[in-house]
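Student: Predicted model and sequence follow; I will ask about them next.
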Amino acid sequence: MSISTSVLSDLLITLPYLRPQLYFKASLTALSHAMEDQVLAATLEEPLVIASFQRERFYRQEAHRYQRLAQRSNQIYVLSAPETDFSNKSDYYEKVAFEPEDGLSQEWHLVVLAQNYATCLVCREIPLSLAKKQQMRELSPTLDMDTSRRFEGIWTSERGVSLKAASLLLVRILVYRPE
């Protein structure tokens with residue numbers, strides 16, 4: 001079973017006052033690392049961490065960080081579309097494999113909730129047309145297409161928004177891991 005709706009869309013419908021911003025992949029990576037670093041700094045008590053990766057290969061680049069995060073909390077959930085061996089599994093943390101057709105495969109999410117800390121990053125990739133990709137390659141042949149990926153989304157430390165984002169992601173987790 002796959003869910004075609006977007007977590008970002010659901011969040012914007014639920015909280016219509018939110019205004020999405022434009023982010024590039026490099027910005028999302030830096031923001032995600034900063035959020036994860038708050039947990040790694042051991043200043044938060046048993047935070048809930050939910051991270052959603054579009055593809056397993058993106059998760060693999062960060063897997064070592066999530067093993068370290070698991071030393072700080074037993075409430076860590078990592079979602080990803082499997083490509084090789086990513087599967088539903090309870091290991092250092094909970095792994096949740098979603099269908100590649102799921103709306104999550106176009107999104108980038110990270111939610112961190114603790115007693116005195118809340119932040120979330122909820123984004124959806126803006127796909128480039130083939131013509132636009134070719135135009136960008138012609139204008140700048142050395143441009144790394146991966147770093148030029150664009151996303152629209154919300155980054156906030158507003159507790160209510162972070163709670164709602166976590167709730168929307170936990171519903172997805174229950175679909176794929178009802179146990």
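Tutor: Nice, I can see it.
Student: Excluding sequence neighbours, find me the nearest residue to the most centrally placed residue in the chain.
Tutor: Geometric centre of the chain, nearest residue: His109, 2.1 Å, by CA atoms, centre = their mean. Spatial nearest neighbour of His109, chain neighbours left out: Ser52 (4.0 Å); criterion: CB to CB, 6 or more residues apart in numbering. Just so you know, the C-beta spots here come from the backbone N, C-alpha and C atoms, and that holds for glycine as well.
Student: just to revisit the earlier point, contacting residues for the residue nearest to the centre of the chain?
Tutor: For His109, the contacting residues are Val7, Ile50, Ala51, Ser52, Leu79, Cys120, Leu121, Val122, Cys123, Ala165, Leu169, by CB atoms under 8 Å, 6 or more residues apart in numbering.
Student: what mean pLDDT does the helix or strand harbouring it have?
Tutor: Using DSSP states H and E, His109 falls within strand 107-114. For strand 107-114, mean pLDDT is 96.
Student: try stretch 47-58
Tutor: pLDDT averaged over stretch 47-58 gives 94.
Student: Also stretch 72-85?
Tutor: Rounded mean pLDDT across stretch 72-85 is 90.
Student: helices or strands up against the longest helix seen in the chain?
Tutor: Scanning the chain for the helix with the most residues, using DSSP state H, yields helix 159-176. Helix 159-176 makes packing contacts with helix 7-14, strand 48-53, strand 76-80, strand 94-97, strand 107-114, strand 117-126, strand 150-156 when contacts are defined by 3 or more CB pairs under 8 Å, 6 or more residues apart in numbering; DSSP states H and E.
Student: ok, residues contacting it?
Tutor: For helix 159-176, the surrounding residues in contact (CB under 8 Å, 6+ apart) are 1, 3, 7, 10-11, 14-15, 18, 48, 50, 52, 77, 79, 88, 94, 96-98, 102, 104, 109, 111-113, 118-120, 122, 154, 156.
Student: again, only this time at 6 Å
Tutor: Identification of contacts with helix 159-176 by CB atoms under 6 Å, 6 or more residues apart in numbering yields 7, 10-11, 14, 50, 77, 96, 98, 111, 113, 118-120, 122.
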